[in-house]
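> With the input below, show me the fold.
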Amino acid sequence: MKLYSYFRSSAAYRARIALNLKGLDYEIVPIHLVKDGGQHRRADYRAINPQMRVPALRLPNGDVLIQSLAIIEYLEEIAPNPALLPADPVTRAHARAIALIVACDIHPLNNSGTLAYVRGPLEQQDQAVNAWYAHWIVTGLETIEAMIAPGPYAFGGQVTVADLCIVPQLANARRFNVPIQQFPRLLGVEAACQQLEAFERARPERQPDAE
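Purely as a prediction, here's the structure:
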């Protein structure tokens, strides 16, 4: 399998963690979102992923999957162990909810395309853009902090899709200097996850395109 990835992309980060946890072999194909005007905008990549975002996962048969949560659910189906979705239906719904808070509520308002539009056509200065970024991260993390009870992961002793989304989002917060010390439960989850090789190998600074 080939994972089209950008080292700073939190969505690609989620997919890397999932692939590592499942013990699946994959090749990283770097797609830089800034260099050359954004390599994701090139015609050759658009032919791979019409949405022109990362991650995208090319399967051995040539099919290409997009959207990190769809990729993670696919991996869950083809490699069910270790499971990333809790067996209990209620806990499973809670884990999915946290993943969706990150992927659907926080991330879309803070990804590179959104921030470029706020800076460009909307003509906002860095101070306003940074305030926008911090507001949506803190709002989302406040909700997640109230939903989890680390033990040591977001939902007990099993890593779930919630953890795969929490850790990259905290990394993004730090990158933009958003204070997160008010979220001790989330920081506890992060600390536990970072003890696992699958998370460590997926870290942005360990990627082949890291700068």
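
> Mind giving me the packing neighbours of the lowest-mean-pLDDT helix or strand in the chain?
When the helices and strands of the chain are scored by mean pLDDT, DSSP states H and E, helix 112-119 comes last with a mean of 77. In terms of contacts (3 or more CB pairs under 8 Å, 6 or more residues apart in numbering; DSSP states H and E), helix 112-119 is packed against helix 126-147. No exception for glycine: its C-beta is placed from N, CA and C like everyone else's.

> related to what we said a few turns ago, in the least confident helix or strand of the chain, what's buried?
114, 115, 118 (16 or more other CB atoms under 10 Å).

> Show me the domain layout of this structure.
2-82, 89-198 (automatic domain parsing).

> Residue 110 reaches residue 172, doesn't it?
Yes: Residue 110 is in contact with residue 172 according to CB atoms under 8 Å; the separation is 7.0 Å.

> tell me, what's touching the two both at once?
Listed as contacting both residue 110 and residue 172 by CB atoms under 8 Å, 6 or more residues apart in numbering are residue 137.

> State the number of residues packed around residue 153.
20 (other CB atoms under 10 Å).

> With adjacent residues omitted, what lies nearest to residue 16?
residue 202 (3.8 Å; CB to CB, 6 or more residues apart in numbering).

> right, I mislabeled it, should have said residue 112
residue 33 (5.5 Å).

> Show the backbone phi and psi for that neighbour.
phi -90, psi 0 (degrees, to the nearest 10).
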